[in-house]
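Asks: Predicted model, plus sequence, below.
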Amino acid sequence: MDTGIVGDFPYLEKSPLVNLRAVKEKKYKQKGAALQDVLLEGIEKLKPGEGMPRQARKRRIYNILHLRYEEGKGIAEIAKELAISERHYYRVLKAAIEALGEVIK
């Protein structure tokens with residue numbers, strides 16, 4: 001499962017995101033582990049309420065991040081599960097990464 005977040009500390013250690021204030025505040029010995037926690041916490045902040053419709057954009061953004069980076073599922077599998085095309089997956093992923101960036105600043 002090489003998704004870039006879950007458990008891939010060497011990959012995360014090289015990311016410029018390790019310089020985020022939220023990562024430095026974690027005071028972990030491994031910056032990769034701190035970044036992983038910040039990213040996963042950010043994904044959880046994007047989790048919509050229970051009453052949000054399945055097809056709502058906010059739910060889709062959360063689901064793509066959760067399925068890809070927490071569960072480590074592949075793109076085709078996620079697209080099938082969410083009943084969207086792979087092309088649409090990439091459009092939503094772009095918005096999802098932007099949303100995640102906003103919550104972890």
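Replies: Received the coordinates, thanks. Numbers count the residues shown, from 1 in each chain.
Asks: can you tell me how far the most far-flung residue of the chain relative to its centre sits from V23?
Replies: Within the chain, K29 marks the point farthest from the mean C-alpha position, 22.4 Å out by CA atoms, centre = their mean. Using CB to CB, to the nearest Å, one gets 13 Å for the distance from K29 to V23. Where C-beta positions appear, they are placed from N, C-alpha and C, glycine not excepted.
Asks: Which parts of the protein are helices?
Replies: Using DSSP state H, the helices of the chain run over 9-13, 21-24, 31-45, 57-65, 75-82, 86-104.
Asks: Distance of the closest residue to S85 other than its chain neighbours relative to S15?
Replies: Excluding its sequence neighbours, the residue lying closest to S85 (CB to CB, 6 or more residues apart in numbering) is A79, at 6.3 Å. Counting by CB to CB, the gap between A79 and S15 amounts to 26 Å.
Asks: Name the residue in these two with the higher neighbour count.
Replies: In this comparison of A79 against S15, neighbours counted by other CB atoms under 10 Å, the higher total goes to A79 at 20 against 16.
Asks: number of nearby residues for E77?
Replies: Under the criterion other CB under 10 Å, the count of neighbours that E77 has is 13.
Asks: The one 3 residues further on too?
Replies: K80 has 14 neighbouring residues, counting by other CB under 10 Å.
Asks: ok so, going back, ok now do the residue nearest to S85, which residues does it touch?
Replies: Taking CB atoms under 8 Å, 6 or more residues apart in numbering as the definition of contact, the neighbours of A79 are S85, E86, H88, Y89.
Asks: among those, who's most crowded?
Replies: Most crowded among those, counting by other CB under 10 Å, is Y89 at 20 neighbours.
Asks: out of everything not next to it in sequence, what's closest to that one?
Replies: Taking CB to CB, 6+ apart as the measure, Y89 lies nearest to A79, with 4.6 Å between them; neighbours along the chain are not counted.
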